[in-house]
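*Asks:* Got a predicted structure plus its sequence, pasted below:
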Amino acid sequence: MKKEVSSITTSIGCTLDQFIKARGDELPCAPEELSQLLNDITLAGKLVGSEVNKAGLVDITGAQGTYNIHGEAQQKLDVMAHTCFMRALEKGGVVCAITSEEEEDVVKLENNQGKYIVALDPLDGSSNIDVNVSIGTIFSIYHRISPIGEPVQPEDVLQRGSEQMAAGYLLYGTSTMLVYTTGHGVHGFTYAPSLGEFLLSHPNIKTPPAGKIYAINDGYFARFPDSIKSYIQYCRDNSYKARYIGSLVADFHRNLLKGGIYMYPPTESTPHGKLRLMFECNALAFIVEQAGGTATDGQQRIRTIEPTEIHQRVPLYIGSAKMVERLTAFYNK
């Protein structure tokens, strides 16, 4: 009988809510508040994942015909995902403001009692949806600095990555996964559609200290700084595998599990890099550091960079610690 019960428990798994409540002593906020935040995020993620799975069956792929603050063509799914997350976080009642890659300014919710700020890339890699490539959502959660009850202030939004309370991403691939950290390890949950629950599938993820995978858009090789060219040549000389999906979440997730380095250096056309500090880099840097890896812009740790605007861009080198250390040595030369 005991073996039968154990088998049933294993097959059902530990739900996200159960996991949060069991680790309540480690959390930087009340377990019920984190549960509410992650439930709001995963609710929107379930909706987005469901829509992504309809690609090719209904008219949800392709360009929307509008452009975001960065001058990039918005995909139909970009707009849909942005709307889903905005509505879910607003109705959850614990968030007072949201910054999104798809919005020029801070979205101040009519909830000055909210304690938290969320920075969001609603749909990373959405241009790949037309060819059925894994895409994702990236998020960061911060405690507000200004007194509760008062209007949101700039200092609430422009916080360093070191001040993140939690961060994570949703990956929409062969399965939908949530990977997050609150500063006490990195944990992955896989969505079980038949149960409507995220179940613990990857507890206490640790990234290998070194790897043999490097991810970079090699088509821009001629435009890269000499230091990056030298490091890429080092990777080639040592028979490293070049793997580049073109969806940041997908490339990062693979390297997190298998070991590797992801690079997005500056070029002449993008001298400050292309990735956004607040929406992409800080969250992934928090995760990789908790898993034993490293994230830098080539000169300083990503999470120590002082943000000056919500859409600030930075170069990003992130992944296995020894690989990032080796790249930094080339960079400093």
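*Replies:* Yep, it's here.
*Asks:* Give me the distance from the strand or helix carrying M165 to the chain's centre.
*Replies:* If you go by DSSP states H and E, M165 is part of strand 164-172. Relative to its parent chain, strand 164-172 has a centroid offset of 5 Å by Cα atoms, centre = their mean, to the nearest Å.
*Asks:* pLDDT weak spots in the protein?
*Replies:* Low-confidence segments of the chain, defined by pLDDT under 70: 1-12, 55-75.
*Asks:* Domain-wise, how is it divided?
*Replies:* Listed by automatic domain parsing, the domain ranges of the chain are 13-202, 213-332.
*Asks:* Could you dump the ones you listed into CSV and include mean neighbour count?
*Replies:* No exception for glycine: its C-beta is placed from N, CA and C like everyone else's. Below are those laid out as CSV (neighbours: other Cβ atoms under 10 Å):
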stretch, mean neighbour count
domain 13-202, 18
domain 213-332, 19
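*Asks:* Give me every residue in contact with stretch 314-324, excluding its own residues.
*Replies:* For stretch 314-324, the surrounding residues in contact (Cβ atoms under 8 Å, 6 or more residues apart in numbering) are 207-211, 214, 252, 255-256, 259-266, 272-273, 275, 277, 280-281, 284-285, 288, 292-298, 302, 305, 327-328, 331.
*Asks:* Output that stretch in PDB, but only the C-alpha positions, please.
*Replies:* Provided in PDB are the C-alpha atoms of stretch 314-324 (Å, rounded to 0.1, in the frame of the first residue of the first chain):
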ATOM      1  CA  VAL A 314      23.500  46.600 -22.500                       C
ATOM      2  CA  PRO A 315      25.800  43.900 -24.000                       C
ATOM      3  CA  LEU A 316      25.300  40.500 -22.500                       C
ATOM      4  CA  TYR A 317      27.600  37.600 -21.900                       C
ATOM      5  CA  ILE A 318      25.900  35.000 -19.700                       C
ATOM      6  CA  GLY A 319      26.300  31.300 -18.800                       C
ATOM      7  CA  SER A 320      28.800  28.800 -17.300                       C
ATOM      8  CA  ALA A 321      31.100  30.600 -15.000                       C
ATOM      9  CA  LYS A 322      34.400  29.400 -16.500                       C
ATOM     10  CA  MET A 323      33.300  30.200 -20.000                       C
ATOM     11  CA  VAL A 324      32.300  33.800 -19.100                       C
END
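*Asks:* and E268, what are its phi and psi?
*Replies:* Main-chain torsions, E268, degrees, to the nearest 10: phi -60, psi -40.
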